[in-house]
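J.: From the sequence below, what's the structure:
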Amino acid sequence: MPFMCFPVIFNIWGFSLHSHTLFECLGYFFGFQTYLLMRRHHPAKSVPREQMVWVLVGAIFGAWFGSKLLAIAEQTGFDLSRIDLATLWAGKTIVGGLLGGWIGVEIAKFALRIPYRTGDLLVIPLAIGMAVGRVGCFLAGLADNTHGNPTSLPIGLDFGDGIPRHPTQLYDIALLGLLSPVQCLFRCETAR
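T.: Down below sits the predicted model:
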């Protein structure tokens, strides 16, 4: 008998909500709330609010575009005849999102003539948002296509196809949880 049944679907107020969608939205929410909290506690290190809004807009749209572009490349090899509505709508990758967000921030900084770092306050919120989002990837099972390779180790999980696989989503969450305190310590050391 499998450990749990994938994908996990939540019934909230009579609506069925896929776990990936729910936790992706929660990741955005908690990441942004963490950013606001950190900005309140570190105002001297912050970019002026008017400029930071545009930097965040660059990050958001860059991340969206990058995650879609890399997902399309990954699933179709840029063969335009193979692009379907499902790929355009649901396809996204975290690596593309990170690269696109970084490029979007740099474009916004260039346009605003901001010569200094702006990402220090974004690292921890990004890690929290990603960790929460990866819970949704885990609960989505095979449908998310982020499961690990087959394994015979006892940590292998059956995501619904009868094959024990590495729970790479949980590895990502653990790594983000370990790196966040390191980033906090680094921030404290450089602030002195």
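J.: can you map out the strands along this structure?
T.: 9-12, 15-18, 157-158, 164-165 (DSSP state E).
J.: Throw the ones you listed into a markdown table and include mean neighbour count, thanks.
T.: For glycine as for every other residue, the C-beta is placed from the backbone atoms N, C-alpha and C. A markdown table is the format used below for those (neighbours: other Cβ atoms under 10 Å):
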| stretch | mean neighbour count |
| --- | --- |
| strand 9-12 | 10 |
| strand 15-18 | 12 |
| strand 157-158 | 19 |
| strand 164-165 | 18 |
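J.: Between these, which one is closest to Thr151.
T.: Within the strands of the chain, the stretch nearest Thr151 is strand 164-165; the backing value is 5.8 Å (Cβ to Cβ).
J.: what does the closest one contact?
T.: 147-153, 156-159 (Cβ atoms under 8 Å, 6 or more residues apart in numbering).
J.: Following the record's annotation, map out the domains of the protein.
T.: Listed domain ranges for the chain are 19-46+118-192, 48-117 (source: automatic domain parsing).
J.: Just put those in JSON lines and tack on mean pLDDT and distance to Val8.
T.: Formatted as JSON lines, the domains of the chain follow (pLDDT from 0 to 100; distance: least, Cβ to Cβ, whole Å):
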{"stretch": "domain 19-46+118-192", "mean pLDDT": "85", "distance to Val8": "4"}
{"stretch": "domain 48-117", "mean pLDDT": "84", "distance to Val8": "17"}
